[in-house]
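K.L.:
Have a look at this prediction, sequence included:
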2 protein chains.
Amino acid sequence: MELIDGNQIASTIIAELKAEVTGITGRKPCIALVRVGEDPASVSYVRKKEKTAAEIGITSRIILPPITISQTDLIRQVADLNADESVDGILIQSPMPKHIDELLVFRAIAPEKDVDGLGTMNLGKVAQDDDTGFVSCTPAGIMALLARSGVDLKGKHVVVIGRSLLVGKPVALLALQKKAGANGTVTICHSGTSNLAEITRQADVVIAAIGRPEFVKQDMIKPGAVVIDVGINRVPDESRKSGYRLVGDCAFAEVSTIADKITPVPGGVGPMTVAMLMSNTVKAYRQREVK
Amino acid sequence: MELIDGNQIASTIIAELKAEVTGITGRKPCIALVRVGEDPASVSYVRKKEKTAAEIGITSRIILPPITISQTDLIRQVADLNADESVDGILIQSPMPKHIDELLVFRAIAPEKDVDGLGTMNLGKVAQDDDTGFVSCTPAGIMALLARSGVDLKGKHVVVIGRSLLVGKPVALLALQKKAGANGTVTICHSGTSNLAEITRQADVVIAAIGRPEFVKQDMIKPGAVVIDVGINRVPDESRKSGYRLVGDCAFAEVSTIADKITPVPGGVGPMTVAMLMSNTVKAYRQREVK
């Protein structure tokens, strides 16, 4: 069994981006990081993004509207950032306060600055095999993990567990693309799938993204399969100071004994998302500079 | 075995649309039908669309740019139609002449008038389970055939053969949606799938859209499966006056003996596409009138 080390692969990508951005003379790429309110997880995520941007040499602009901001005003701020020539990418940290319709805010981002890839246009481009768009960060991270671990999906059966807009559907579309590394046969399962284990046992590659702790057991996996675990679930653990530990959607201890390659949780898909956000920001900069 | 009669179902939908449009007082829905050049198949398709529109009470405006029109001028014409308040839907008949980049022309259509559903935004909305968009006509027709034949995909394994942008990918996304009639477990196979028959034999519903005459044989189908045949292939047939006959992607004679329900070719999916185009046009009208 080989561990797919997301920290290591993310570090490599970040180092590559740093080398690329260092080579840029003049204006550097710039990402606007918008965080509404003080949700502790969001504070930590945005700080991590800011820190990684700084490490690469990407300018970040932190925008902190009050938690009471109206949807109209937030969308107006997005429109200002769309119009701002010095901003290449816009990230609006989720979750937003309950009175805000996130989908409408995401859709307000200009497609050419939508580096989080959550807008309709960029998802449509994924379905169209169109590389000019931005793939959202988790599915992009999964594809990068596979590519950099030497896993070619061509002729392979890829089974995705979970049909979310953030992970399941886009990663299924990516695995299916007519592109080097992709060209997989793809099955998308979900909570309503009747014979799930029977299907996952046929998979050469399993991508687990259902958000249920340790849901995927050893007897659901074909020996020698590649397993990508997208889940990050907190389970109570009194032995920890925090009172919990993080586990994936796969029962790692047992699945790892028969998988050929597997991502750990934490340290698998998680670290990749920030790296892919930065990669998208540099791409947005390049596309805007060419114009 | 029950035949899924596309002519019959399309007629029913057209009659329903006629009743709906008859009830509209004032301005009627209007579709612009753009045909570049005199390709005989295109002439016949556009005529059929015009005739069906007239039957329903939808106004059609036929626009026939010369085959020599430049891409820029064609896109300008599309922009004029986008701006024209009296036009609800725009269809540009494919194929266009070789010097035109079809994708760019399709993308020039305003999403709210893209009743053929080929633009990036409308495909993205299909992936987002967003019903405000327009589903392209063939996949929409397939879903309507299933729904009106009493086939509920919930808990079923749907295997789509073919990953085209026009059929395979959108119909897979539709079958997967969290909507009544959908909620299927979906596998997408294609020319690069290694163990195709093994996968299709597991399917409760097979959607064949690979464009290879009589490719799907009896031994690829589970007894009792529902088979939707999207292929329309010409094969030489000296016994016909035309010198050819139309066959689907399934070997109908043998597959129909074990399928529970099956679409014939012709007379299955084919007749549905024009009906769905008209349905989308009425929907575009309704959405624009509300605004």
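P.N.:
Thanks, I have the structure now. Numbering: from 1, shown residues only, chains lettered A, B, ... in the order given.
K.L.:
check contacts around the closest residue to chain B within the stretch 51-200 of chain A.
P.N.:
In the stretch 51-200 of chain A, the residue that lies nearest chain B is residue A:124 (3.1 Å; C-beta to the nearest C-beta). In short, each C-beta sits where N, CA and C put it, glycine included. Listed by C-beta atoms under 8 Å, 6 or more residues apart in numbering or on different chains, the contact set of residue A:124 reads A:133, B:119-125, B:127.
K.L.:
if we go to 10 Å?
P.N.:
Applying C-beta atoms under 10 Å, 6 or more residues apart in numbering or on different chains to residue A:124 gives the contacts A:111, A:130, A:133, A:173, B:107, B:111, B:119-128, B:133.
K.L.:
Also residue A:105?
P.N.:
Applying C-beta under 10 Å, 6+ apart, we find residue A:105 in contact with A:34, A:36, A:71, A:74-75, A:77-78, A:92, A:94, A:96, A:118.
K.L.:
Which positions in the helix or strand harbouring it come out as buried?
P.N.:
If you go by DSSP states H and E, residue A:105 is part of helix A:102-108. For helix A:102-108, the neighbour count (16 or more other C-beta atoms under 10 Å in any protein chain shown) marks A:105-108 as buried.
K.L.:
ditto for stretch A:217-226
P.N.:
Those would be A:220-222, A:225-226, for stretch A:217-226 by 16+ other C-beta under 10 Å.
K.L.:
Just send those residues back as CSV, with secondary structure and distance to chain B too.
P.N.:
Shown next, in CSV, are those (DSSP: H, G, I helix; E, B strand; the rest coil; distance: C-beta to the nearest C-beta, whole Å):
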residue, secondary structure, distance to chain B
A:220, helix, 14
A:221, coil, 18
A:222, coil, 13
A:225, coil, 15
A:226, strand, 16
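K.L.:
Give the ranges of residues in chain A that sit below the confidence cut-off.
P.N.:
Chain A contains residues with pLDDT under 70 at A:291.
K.L.:
gap between the longest helix along it and the chain center?
P.N.:
Secondary structure of chain A read by DSSP state H shows that its longest helix is helix A:270-290. Relative to its chain's centre, helix A:270-290 lies at 12 Å (C-alpha atoms, centre = their mean, to the nearest Å).
K.L.:
same deal with stretch A:35-47?
P.N.:
17 Å.
K.L.:
same deal with stretch A:26-38?
P.N.:
18 Å.
K.L.:
Which positions within it qualify as buried?
P.N.:
A:28-37.
K.L.:
Quick one: end-to-end distance for it.
P.N.:
34 Å (C-alpha to C-alpha, to the nearest Å).
K.L.:
check contacts around residue A:232.
P.N.:
By C-beta under 10 Å, 6+ apart, the contact list for residue A:232 reads A:211, A:213, A:246-249, A:265-266, A:268-270.
K.L.:
at 7 Å instead, please
P.N.:
A:246, A:248, A:265-266, A:270 (C-beta atoms under 7 Å, 6 or more residues apart in numbering or on different chains).
K.L.:
Need the phi and psi values for it.
P.N.:
Dihedral angles of residue A:232 (phi, psi; degrees, to the nearest 10) stand at phi -130, psi 100.
K.L.:
cool, the one 10 residues further on as well?
P.N.:
Dihedral angles of residue A:242 (phi, psi; degrees, to the nearest 10) stand at phi -70, psi -20.
K.L.:
so who does it touch?
P.N.:
For residue A:242, counting by C-beta under 7 Å, 6+ apart, there are no contacting residues.
K.L.:
10 Å instead, please
P.N.:
Here residue A:242 is in contact with residue A:234 (C-beta under 10 Å, 6+ apart).
K.L.:
do you know how far it is from chain B?
P.N.:
34 Å (C-beta to the nearest C-beta, to the nearest Å).
K.L.:
Which of the three states applies to residue A:124?
P.N.:
Following DSSP: H, G, I helix; E, B strand; the rest coil, the label given to residue A:124 is helix.
K.L.:
Just give the nearest non-adjacent residue to it, would you?
P.N.:
Excluding its sequence neighbours, the residue lying closest to residue A:124 (C-beta to C-beta, 6 or more residues apart in numbering or on different chains) is residue B:124, at 3.1 Å.
K.L.:
circling back: the buried residues of stretch A:26-38 in strands, which ones?
P.N.:
Of the buried residues of stretch A:26-38, the ones assigned to strands by DSSP state E are A:30-34.
K.L.:
Residue A:201 reaches residue A:221, doesn't it?
P.N.:
Yes: Residue A:201 lies in contact with residue A:221 (C-beta atoms under 10 Å); the separation is 6.9 Å.
K.L.:
returning to that earlier point: please list which of the contacts of residue A:105 also come close to chain B.
P.N.:
residue A:118 (C-beta under 10 Å from any C-beta of the partner chain).
K.L.:
Dump the contacts of residue A:105 to a markdown table, plus secondary structure.
P.N.:
Listed next are the contacts of residue A:105 as a markdown table, based on three-state DSSP:
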| residue | secondary structure |
| --- | --- |
| A:34 | strand |
| A:36 | coil |
| A:71 | helix |
| A:74 | helix |
| A:75 | helix |
| A:77 | helix |
| A:78 | helix |
| A:92 | strand |
| A:94 | coil |
| A:96 | coil |
| A:118 | coil |
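K.L.:
Look at the nearest residue to residue A:224 once chain neighbours are set aside and say how many residues are nearby.
P.N.:
Nearest residue to residue A:224, sequence neighbours excluded (C-beta to C-beta, 6+ apart): residue A:260, at 4.7 Å. By other C-beta atoms under 10 Å in any protein chain shown, the residues close to residue A:260 number 15.
K.L.:
How is chain A partitioned into domains?
P.N.:
A:25-111, A:137-270 (automatic domain parsing).
K.L.:
Could you look over these and pick the most buried one?
P.N.:
Comparing the domains of chain A by mean neighbour count (mean count of other C-beta atoms under 10 Å in any protein chain shown), domain A:137-270 comes out on top with a mean of 20.
K.L.:
Span of that one from start to end?
P.N.:
Termini of domain A:137-270 sit 10 Å apart (C-alpha to C-alpha).
K.L.:
Spell out which parts of the stretch 151-291 of chain A neighbour chain B.
P.N.:
Residues of the stretch 151-291 of chain A lying near chain B (C-beta under 10 Å from any C-beta): A:153-160, A:163, A:165, A:168-170, A:172-173, A:175-178, A:182-196, A:198-199, A:202, A:204.
K.L.:
can you tell me which of the residues you listed are in strands?
P.N.:
Using DSSP E, these in strands are A:157-160, A:185-189.
K.L.:
May I ask which two of those residues are separated the most?
P.N.:
Spatial extent of these (C-beta to C-beta) is set by the pair A:185 and A:189 at 13.7 Å.
K.L.:
Show me the common contact partners of residue A:201 and residue A:221, please.
P.N.:
Counting by C-beta under 10 Å, 6+ apart, the residues touching both residue A:201 and residue A:221 are residue A:159.
K.L.:
and residue A:140, what does it touch?
P.N.:
So residue A:140 contacts A:117, A:126, A:134, A:170-171, A:174, A:272-273, A:275-277, A:279-280 (C-beta under 10 Å, 6+ apart).
K.L.:
farthest-separated two in these?
P.N.:
Across those, the longest distance by C-beta to C-beta is 18.5 Å; it joins A:126 and A:275.
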